[in-house]
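Trainee: Could you look at this predicted model? Sequence included:
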Protein chains: 2
Amino acid sequence: MKSMNERRSIRQYQSKEIPQELLNELLTTACRASTVGNMQTYSIVVTRDAERKRRLAPAHYGQPMVENAPVVLTFCIDLRRFSQWCKCRHAQPGYDNAEWFVTGAVDTLLAAQTFCVAAEEKGLGICYLGTTTYNPEQIIEVLQLPELVFPITTVTVGWPAEQPDQTDRLPLEAVIHEEVYHDYTPADIDRLYAYKESLPENRRFVEENGKENLAQVFTDVRYTREAAEAMSEKLLDTIKQQGF
Amino acid sequence: MKSMNERRSIRQYQSKEIPQELLNELLTTACRASTVGNMQTYSIVVTRDAERKRRLAPAHYGQPMVENAPVVLTFCIDLRRFSQWCKCRHAQPGYDNAEWFVTGAVDTLLAAQTFCVAAEEKGLGICYLGTTTYNPEQIIEVLQLPELVFPITTVTVGWPAEQPDQTDRLPLEAVIHEEVYHDYTPADIDRLYAYKESLPENRRFVEENGKENLAQVFTDVRYTREAAEAMSEKLLDTIKQQGF
């Protein structure tokens, strides 16, 4: 519990390698996560090669963790291996559709997070890269992902060379609903976001971006509608192109 | 590591309740999981009420865990709370699209799996219900989920009343790819699936269903193309209906 409660994402790593044996132990633990029908509808691509990290980096907008981490793991939805097995056994697979894309995503992300919890328990630091679904077509090319395989998240892993402050979270009541969903009144929103809005780093964020408040930093600077709509179109095209 | 490595899904529970304090502690730990831009794009609906569990059960094809577990957690992608915050702050949210549905799914599933690892470490047993995305519209109705909220997975939780054998997993080499994706030859498939196909419970499965092999049990009985295509259509409609 301690390592889960005290965790923070780590973006700076020591140059020290991760022994293959330790990595395999953590990946084996990851595979103990729940999986639909015990089908393990995921694959994990391990990148250690510096040249390949350099080629992956642009897909992640050049975030330095990609090149600096000793190991980069790309977690992929994989309905291909299972389908190949079916074909080899004269069984007709039907896993090239939206339902199995989503089911595969669930499987893949449970394995990814199990890996991360285990890695942190061993003293490693990790950082998730949400950019994976922003430019999936670039990642597909670099990692040579065939049909029915789709990159859903990326994790950089290494021995921590920093200990940043832990980031804030909303109060628990903000995310929990007893029995049915309780919608948020403006007064609820004010109460639940008050602490986040009061933090000096967030106030600085607002000032540096010349905005009125923190929400506008998100909508106008960090995650705009325009960018999301362009990425959505590309994402849906790429999912289709991968055969789903 | 021990509880992660020795875990099995638990489907039978003691009648003993889960104390609210323990549940809140586990949910707080779940919220320490990585989250995109620290936006926490998820909500968790807690079901303890017997009548509401009875109403949820059909969406999960009457799997007995739903009614027998003391607690049922429905993990939902939630772009609504964040969007409401933006609107209250005169910021224009743009999170009603495919990119944010997928990003929200990642956030939600990392929190879900962190909850499960923590719960198992405390001696609780859990079971994921993949049926959540089979009949999302029924769950949406019972839990009164509004626009921009979507149920992505469900976990039943309780004190174990069984200790089933641990299920098999493919050898690690089946799911790991070094540097680039290595496609599977028929010989690879034979080797990687040999252990699974040899297991007495899987052989019995084949026999009971009158099939030639295990793959055909999946394609012809458990997860058919016909069912997946019907569910895919409904899934995409429901995602749209929820405003994404």
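Mentor: Structure's in. What do you need?

Trainee: CA atoms for contacts and neighbours, from now on please.
Mentor: OK.

Trainee: Longest helix of chain A, counting residues only.
Mentor: helix A:98-121 (DSSP state H).

Trainee: Would you tell me what the next helix or strand after it is?
Mentor: Where DSSP states H and E defines the elements, the next helix or strand beyond helix A:98-121 is strand A:125-129.

Trainee: so where does the spatially most central residue of chain A fall, helix or strand?
Mentor: Taking CA atoms, centre = their mean, the centroid of chain A lies closest to A:Thr153, which sits 3.7 Å from it. Using DSSP H and E, A:Thr153 sits within strand A:149-158.

Trainee: Next secondary structure element downstream of that strand?
Mentor: Counting by DSSP H and E, the element after strand A:149-158 in chain order, helix or strand, is helix A:172-175.

Trainee: Let me have the longest helix of chain A in PDB, keeping just the CA atoms, if that works.
Mentor: C-alpha atoms of helix A:98-121 as PDB (Å, rounded to 0.1, in the frame of the first residue of the first chain):
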ATOM      1  CA  ALA A  98     -15.300  -2.200 -31.800                       C
ATOM      2  CA  GLU A  99     -16.300  -4.400 -29.000                       C
ATOM      3  CA  TRP A 100     -13.000  -6.300 -29.000                       C
ATOM      4  CA  PHE A 101     -11.000  -3.100 -29.400                       C
ATOM      5  CA  VAL A 102     -12.500  -1.800 -26.200                       C
ATOM      6  CA  THR A 103     -12.300  -5.200 -24.400                       C
ATOM      7  CA  GLY A 104      -8.700  -5.500 -25.600                       C
ATOM      8  CA  ALA A 105      -8.000  -2.000 -24.200                       C
ATOM      9  CA  VAL A 106      -9.300  -3.000 -20.800                       C
ATOM     10  CA  ASP A 107      -7.100  -6.100 -20.800                       C
ATOM     11  CA  THR A 108      -4.100  -4.200 -21.900                       C
ATOM     12  CA  LEU A 109      -4.500  -1.400 -19.300                       C
ATOM     13  CA  LEU A 110      -5.000  -3.700 -16.400                       C
ATOM     14  CA  ALA A 111      -1.700  -5.400 -17.300                       C
ATOM     15  CA  ALA A 112       0.000  -2.000 -17.800                       C
ATOM     16  CA  GLN A 113      -1.000  -0.800 -14.400                       C
ATOM     17  CA  THR A 114      -0.100  -4.000 -12.700                       C
ATOM     18  CA  PHE A 115       3.400  -3.600 -14.200                       C
ATOM     19  CA  CYS A 116       3.600  -0.100 -12.900                       C
ATOM     20  CA  VAL A 117       2.500  -0.900  -9.300                       C
ATOM     21  CA  ALA A 118       5.000  -3.800  -9.200                       C
ATOM     22  CA  ALA A 119       7.800  -1.700 -10.700                       C
ATOM     23  CA  GLU A 120       7.200   1.100  -8.100                       C
ATOM     24  CA  GLU A 121       7.300  -1.500  -5.300                       C
END
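
Trainee: taking the mean pLDDT, what do you get for that helix?
Mentor: Per-region confidence: helix A:98-121 scores 98 on mean pLDDT.

Trainee: same thing with stretch A:12-27?
Mentor: Per-residue scores along stretch A:12-27 average to 98.

Trainee: How about stretch A:217-234?
Mentor: 97.

Trainee: Endpoint to endpoint, that stretch covers what distance?
Mentor: 24 Å (CA to CA, to the nearest Å).

Trainee: Could I get the buried residue list for it?
Mentor: By 16 or more other CA atoms under 10 Å in any protein chain shown, the buried positions in stretch A:217-234 come out as A:217-220, A:223-225, A:228-229, A:231-232, A:234.

Trainee: how about it, does it reach chain B?
Mentor: Yes: contact of stretch A:217-234 with chain B (CA under 8 Å from any CA of the partner chain) involves A:219-220, A:223-226, A:228-229, A:231-233.

Trainee: now these in CSV, with secondary structure?
Mentor: As requested, the residues of stretch A:217-234 next to chain B are exported to CSV (DSSP: H, G, I helix; E, B strand; the rest coil):
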residue, secondary structure
A:Thr219, helix
A:Asp220, helix
A:Tyr223, coil
A:Thr224, coil
A:Arg225, helix
A:Glu226, helix
A:Ala228, helix
A:Glu229, helix
A:Met231, helix
A:Ser232, helix
A:Glu233, helix
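
Trainee: just curious, which of these is nearest to B:Glu99?
Mentor: Taking CA to CA as the measure, B:Glu99 lies nearest A:Ser232 of those, at 4.7 Å.

Trainee: For the residue nearest to the closest one when sequence neighbours are not counted, give me its contacts.
Mentor: Ranked by CA to CA, 6 or more residues apart in numbering or on different chains and with sequence neighbours excluded, the top spatial neighbour of A:Ser232 is B:Glu99, at 4.7 Å. By CA atoms under 8 Å, 6 or more residues apart in numbering or on different chains, B:Glu99 lies in contact with A:133-134, A:228-229, A:231-232, A:235.

Trainee: Kindly indicate which of those lies nearest B:Ile239.
Mentor: A:Ser232 (13.9 Å).

Trainee: Compute the distance between the residue nearest to A:Glu147 when sequence neighbours are not counted and chain B, please.
Mentor: Nearest residue to A:Glu147, sequence neighbours excluded (CA to CA, 6+ apart): A:Gln242, at 4.5 Å. Noted for A:Gln242: a distance of 14 Å to chain B, by CA to the nearest CA, to the nearest Å.

Trainee: Report the contact partners of A:Gln242.
Mentor: A:146-150.

Trainee: Contacts only, for A:Thr28.
Mentor: Contacts of A:Thr28 (CA under 8 Å, 6+ apart): B:Leu172.

Trainee: Centroid-wise, who is the farthest residue in chain A?
Mentor: Taking CA atoms, centre = their mean, the residue of chain A most remote from its mean C-alpha position is A:His90, at 35.4 Å.

Trainee: so who does that one touch?
Mentor: With contact set as CA under 8 Å, 6+ apart, A:His90 has these partners: B:Gln216.

Trainee: Under a three-state scheme, what state does it occupy?
Mentor: Once three-state DSSP is applied, A:His90 turns out coil.

Trainee: how distant is stretch A:129-136 from the center of its chain?
Mentor: With CA atoms, centre = their mean, to the nearest Å as the basis, stretch A:129-136 stands 8 Å off its chain's centre.

Trainee: one step back: report pLDDT for the residue nearest to A:Glu147.
Mentor: Value listed for A:Gln242 in the pLDDT field: 98.

Trainee: next one: A:Met1
Mentor: So A:Met1 comes in at 88 (pLDDT).

Trainee: got the contact list for the residue nearest to the centre of chain A?
Mentor: Contact analysis of A:Thr153 by CA under 8 Å, 6+ apart lists A:74-76, A:109, A:128-133, B:106.

Trainee: biggest separation within those, which pair?
Mentor: Most distant of the contacts of A:Thr153, by CA to CA, are A:Leu109 and A:Thr131, 15.0 Å apart.

Trainee: neighbour count winner among those two?
Mentor: A:Leu109 (27 against 17; other CA atoms under 10 Å in any protein chain shown).

Trainee: correct me, but A:Asn202 touches A:Leu214?
Mentor: Yes: the criterion here is CA atoms under 8 Å, and A:Asn202 meets it with A:Leu214 at 6.7 Å.

Trainee: quick one: A:Ile18 is in a strand?
Mentor: No: counting by three-state DSSP, A:Ile18 is not part of a strand but coil.

Trainee: from memory it sits against A:Val71, does it?
Mentor: Yes: at 7.5 Å, A:Ile18 counts as touching A:Val71 under the criterion of CA under 8 Å.
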